[in-house]
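Peer 1: model this:
(2 chains)
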Amino acid sequence: MANVTLRNVRKTYPGGFEAIKGVNVDVGDGQFCVLVGPSGCGKSTLLRMVAGLETVTGGEIDIGGRIVNQIEPADRDIAMVFQNYALYPHMSVFNNMAYGLRNRGMKEAEVKTRVDEAARVLELTSMLERKPRQLSGGQRQRVAMGRAIVRQPKVFLFDEPLSNLDAKLRIAMRVEIRKLQRRLNTTSIYVTHDQLEAMTLADILVVMNGGQVEQVGNPLAIYEKPATTFVASFIGAPPMNLMSTRPEEIRSQLAGSGAADAGILGIRPEDFVITDQTPADGVVLPLTVEAIERVGAETFIYGTRAQDEQRIAANPGELPPGEVIVRIPGSEAPPIGERIRVAAVRAKLHLFSGDGRTRIEA
Amino acid sequence: MQKQAIFQSRLLPYALVAPQLAIVLIFFYWPALQAVVQSFLLQDAFGLSTTFVWFENYIDLFKDAAYFEAIVRTFLFSFAIAVSSLSFALLLAVMADKPLRGSMLYRTLLIWPYAVAPPVVGVLWIFMLHPSLGVLSRYLRNMGIDWNPLLDGDQAAALIILAAAWKQISYNFLFFLAGLQAIPKSVFEAAAIDGARPMRRFWTVTFPLLSPTIFFLLVVNIVYAFFDTFGIIDTMTRGGPGTSTVTLVYKVYSDGLLGGNLGSSAAQSVILMVMVIVLTGIQFRFVERKVTY
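Peer 2: Numbering: from 1, shown residues only, chains lettered A, B, ... in the order given. I've put the predicted structure just below:
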């Protein structure tokens, strides 16, 4: 059991490329921390630095009150689950799990007890004699988990462990990982680019972009109050609608209450309602319906606003300028081509500075 | 997708493969057949008359103590060459696999010796270790070693093994490096986190995962030591001193072309042919089965 604290952690490669530009994160004992961000944001590098597989060029990594910057991976008391599982292909499932224990000179009887217990928990008991190539993707994933839990380490590290699985299995394993972590109550750091995985697993969510932390906090708090437009468009699917406040149509509706400094307005798709009335306080947008996606329980309406506007910023997953997504429950939707009016109440509006780097509380 | 080509004429496909077949037949099968025929014949010393003697050449061979010595010597040489060049190449490959500055440069440098022809290898080593010309021989004598491979059979054998193994290191290195790079880095990282120190990591992870490569190279190296060392032996020792560096292949040459005993020489080459077929068979069977761990 241990806290993991990153203090101003930096990584600069010999070529001068700065992969991690000063990260501060504090993961409490037994907490599940998820690092999320687009590819190339440095999340995997950061995890590998915690594991000791990458050198730290600045700052401190503290595991359980001990600075581990100069300590070998084997001596950090961590276990890691790799994206490709990294099982030893020439060893049986049993030996894969036992390897780390035997390397530490554990008695064979104790090794057997631990491996059998882990195999029971992960439902691998009938497969202990098989080689990894005789297992399915999900089973290999469980062996990789087993290899981590038999060691009973202070910290689990997960590097996109579910990205090689199919969609259905991924959801099942996600739930299993969470249950397992809750039961073992081991501090965990989990890297993913999947915002849904991030939202569902995390106690603490760390949203990263370009080697920096954009926001740290409780996943729902981040969802409700994203600190930057990057976080706003990265967390949540479909992404938050972001639009410039410059057009008169929007500026006039935002009159008063901090809107003067705001350059960007954000509204989540589910915060819109289709209405003919103009609400007393809030924003109304006239839209032309361009496309409809019905997924059963809910429907997504893709509309374009009357006025074209300049593009706000080029963040991944962002909508083309002038396009708005509306998410409504049920499968009733206006026909394509119809002009509708959608409204969002004042409390559901997100305001950001013109560069998208600061949230403005109205 | 059509897998079978359709030809208008029935003869065209045969005409197309004919040149290839002709080469194989003329340059491989015909000489091989000649050797088999020759091995049943006995020529007199002046090459005036030839008698058909059935298996007499073979029987004579197996009665000949010198032939048995050559067999044992060839196996010893092969074993020594294969083991020393494999282990040294593996060591170099493991070193070169590390992400170090300029690794491309020394990888390239390590591969170069492969381009050197065996007789040239022999000449190179002779320049270094010839008892009177050799650069290194002086140092060896200064160190109190009585270095004279021209008179000492064991030293001559050691010299051949050294040169032949050196020549093969590049080839082995190339395969080992490729083999190492085929293993995902995360497996080594997982082992490092699992608390395996570098030596233990090598013996429990790297070595078993390279075992298919090692086995393949072992067969290739034995074939090499059997047949391709001729040039090295011929330039360095010519089988001497005495017969202490005469291998099976060298004996085929010396008995046939130098000794004039064509029948025995042909019989020996037929025996060698059988050995090659067996070795190649082993190799094919092995290469077919890709995964062995």
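Peer 1: Quick check: end-to-end length of stretch B:247-264?
Peer 2: 15 Å (CA to CA, to the nearest Å).
Peer 1: err, stretch B:23-41, not the other one
Peer 2: Chord length of stretch B:23-41, first to last residue, is 27 Å (CA to CA).
Peer 1: Quick one: neighbours of residue 240, just the number.
Peer 2: Picked chain A for this. Residues near residue A:240, counting by other CB atoms under 10 Å in any protein chain shown, number 24. All C-beta spots, glycine's among them, are computed from the backbone N, C-alpha and C.
Peer 1: To clarify, I was referring to chain B.
Peer 2: The burial count for residue B:240: 16, using other CB under 10 Å.
Peer 1: helix/strand/coil for it?
Peer 2: Put simply, residue B:240 is coil when judged by DSSP: H, G, I helix; E, B strand; the rest coil.
Peer 1: In this structure it contacts residue B:156, no?
Peer 2: Yes: under the criterion of CB atoms under 8 Å, residue B:240 makes contact with residue B:156 at 6.9 Å.
Peer 1: Mutual contacts of these two, please.
Peer 2: residue B:150 (CB atoms under 8 Å, 6 or more residues apart in numbering or on different chains).
Peer 1: so who does residue 176 touch?
Peer 2: Using chain A. Listed by CB under 8 Å, 6+ apart, residue A:176 has no contact partners.
Peer 1: My question was about chain B, not that one.
Peer 2: Residue B:176 touches B:89-90, B:92-94, B:210, B:213, B:217, counting by CB under 8 Å, 6+ apart.
Peer 1: Same question for the helix or strand hosting it: list its buried residues.
Peer 2: Element membership for residue B:176 (DSSP states H and E) is helix B:153-182. Neighbour counts over helix B:153-182 (16 or more other CB atoms under 10 Å in any protein chain shown) mark B:153, B:155-157, B:159-177, B:179-180 as buried.
Peer 1: Figure out how far the following helix or strand past it is from the centre of its chain.
Peer 2: Helices and strands here follow DSSP H and E; after helix B:153-182, the next one along the chain is helix B:185-193. Chain-centre distance of helix B:185-193: 35 Å, with CA atoms, centre = their mean, to the nearest Å.
Peer 1: Over to stretch B:122-138?
Peer 2: So, by CA atoms, centre = their mean, the centroid of stretch B:122-138 is 23 Å from its chain's centroid.
Peer 1: First-to-last residue distance for it?
Peer 2: First-to-last distance for stretch B:122-138 - CA to CA - comes to 19 Å.
Peer 1: Which residue ranges of chain B form helices?
Peer 2: Ranges of helices in chain B, per DSSP state H, are B:12-24, B:30-38, B:56-63, B:65-96, B:103-111, B:118-129, B:135-142, B:153-182, B:185-193, B:198-201, B:207-223, B:230-236, B:248-253, B:262-288.
Peer 1: among the ones you listed, which is nearest residue A:169?
Peer 2: Comparison of the helices of chain B against residue A:169 by CB to CB identifies helix B:185-193 as nearest, at 20.5 Å.
Peer 1: model confidence over stretch B:151-163, on average?
Peer 2: Mean pLDDT, stretch B:151-163: 84.
Peer 1: Alpha carbons of that stretch, as CSV, please.
Peer 2: What follows is stretch B:151-163 as a C-alpha-only set of coordinates in CSV (Å, rounded to 0.1, in the frame of the first residue of the first chain):
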residue,chain,number,x,y,z
LEU,B,151,55.3,-28.1,-36.9
ASP,B,152,52.7,-28.5,-34.2
GLY,B,153,49.6,-30.2,-35.4
ASP,B,154,47.4,-29.0,-32.4
GLN,B,155,48.4,-25.4,-33.0
ALA,B,156,47.6,-25.8,-36.7
ALA,B,157,44.2,-27.2,-35.8
ALA,B,158,43.6,-24.3,-33.4
LEU,B,159,44.6,-21.8,-36.1
ILE,B,160,42.1,-23.3,-38.6
ILE,B,161,39.3,-23.3,-36.0
LEU,B,162,40.1,-19.7,-35.1
ALA,B,163,40.1,-18.4,-38.7
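Peer 1: Excluding its own residues, what touches it? List them.
Peer 2: Residues outside stretch B:151-163 that contact it (CB under 8 Å, 6+ apart): B:73, B:77, B:80-81, B:84, B:121-122, B:124-125, B:129, B:146-150, B:229, B:232-233, B:236-237, B:240-242, B:244-245.
Peer 1: Derive a ChimeraX selection command for the buried subset of the residues you listed.
Peer 2: Command for ChimeraX, covering only those of these found buried under the criterion 16+ other CB under 10 Å:
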select /B:73,77,80,81,84,121,122,124,125,129,147,148,149,229,232,233,236,237,240,241,244,245
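Peer 1: Start and end of stretch A:81-90, how far apart?
Peer 2: End-to-end distance for stretch A:81-90: 18 Å, by CA to CA.
Peer 1: Buried ones in it, by neighbour count?
Peer 2: For stretch A:81-90, the buried set under the neighbour-count rule, 16+ other CB under 10 Å, comprises A:81-90.
Peer 1: Include secondary structure and pLDDT when you put these into JSON lines, please.
Peer 2: Below are the buried residues of stretch A:81-90 laid out as JSON lines (DSSP: H, G, I helix; E, B strand; the rest coil; pLDDT from 0 to 100):
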{"residue": "A:81", "secondary structure": "strand", "pLDDT": "93"}
{"residue": "A:82", "secondary structure": "coil", "pLDDT": "93"}
{"residue": "A:83", "secondary structure": "coil", "pLDDT": "91"}
{"residue": "A:84", "secondary structure": "coil", "pLDDT": "90"}
{"residue": "A:85", "secondary structure": "coil", "pLDDT": "90"}
{"residue": "A:86", "secondary structure": "coil", "pLDDT": "91"}
{"residue": "A:87", "secondary structure": "coil", "pLDDT": "93"}
{"residue": "A:88", "secondary structure": "coil", "pLDDT": "93"}
{"residue": "A:89", "secondary structure": "coil", "pLDDT": "91"}
{"residue": "A:90", "secondary structure": "coil", "pLDDT": "91"}
